[in-house]
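**Q** Make a model of this:
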Amino acid sequence: MKKLLVLTLVLGMASMASAALQISVGTNQDPQDSMIVIQPSDEISLGIWTNADIVPSGPSEGDWVLICDTAGATISGGAKIPYGDVSMQVLWLASEQGVTLMPDGQDGDVGSVLLAGTTTLIPASTQLFGGINFHCEGPGDVIITLAKINENWEYTGDVYDTLVIHQIPEPATIALLGLGGLLLKRRK
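**A** Numbering: from 1, shown residues only. Alright, predicted model coming up:
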């Protein structure tokens, strides 16, 4: 019996170690980078999903940070999605706690996926967090990174997922630039 318990704990740890989280855009759970195009001042909703079965095995096993460069965009808001027996699970989001510890020049949110005192499995394709707002600040590509952090909220070097958002000017801006170019050409 003791050997079976040890085996279960080891498999649980291995399951979380290989588990991954992914970023969703709107209702698209697995968006392609080339498909995400928005205009300046637009917003899209992001979420965080599991793409593998998870049995979190201890503190900091499921701690993550979702960040982007503030020069191109901001990330705000968000909410945890209740799952299973919430009295046994601790799923938190830093913005709900009034905590904002982002690196300089970065904006985003921090959260945790931890099942305390249980071996409850969170299956793949489960949404854990949603309603995270990505606000476009100007033209250019912005990389959103979902990375693992330790109990001190420091990067571990492990990246769960990245997403590239292509920000393009509004059609009216492009039309005005085109007209200006035509006038300059005609003038010469």
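**Q** Please name the residues that touch Thr70.
**A** 105-107, 137 (CB atoms under 8 Å, 6 or more residues apart in numbering). Where you see a C-beta, it was placed from the backbone N, CA and C, and this is true even at glycine.
**Q** swap the cut-off to 10 Å and go again
**A** With contacts defined as CB atoms under 10 Å, 6 or more residues apart in numbering, Thr70 is in contact with 102, 104-108, 137, 142.
**Q** Also Gly105?
**A** Taking CB under 10 Å, 6+ apart as the definition of contact, the neighbours of Gly105 are 67-71.
**Q** Serialize those residues to JSON lines and add fields for pLDDT.
**A** Below are these laid out as JSON lines (pLDDT from 0 to 100):
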{"residue": "Ile67", "pLDDT": "90"}
{"residue": "Cys68", "pLDDT": "90"}
{"residue": "Asp69", "pLDDT": "89"}
{"residue": "Thr70", "pLDDT": "88"}
{"residue": "Ala71", "pLDDT": "86"}
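**Q** got a winner among those residues for most neighbours?
**A** Cys68 (24 neighbours; other CB atoms under 10 Å).
**Q** What is the burial count for the closest residue to that residue other than its chain neighbours?
**A** For Cys68, ignoring the flanking residues on the chain, the nearest one in space by CB to CB, 6 or more residues apart in numbering is Ile144 at 4.8 Å. If you count neighbours by other CB under 10 Å, Ile144 ends up with 22.
**Q** counting contacts, what elements does the top strand by length along the chain pack onto?
**A** Counting by DSSP state E, the longest strand found in the chain is strand 155-167. Strand 155-167 sits against strand 21-25, strand 37-38, strand 43-50, strand 63-69, strand 127-136, strand 140-149, with contacts defined as 3 or more CB pairs under 10 Å, 6 or more residues apart in numbering; DSSP states H and E.
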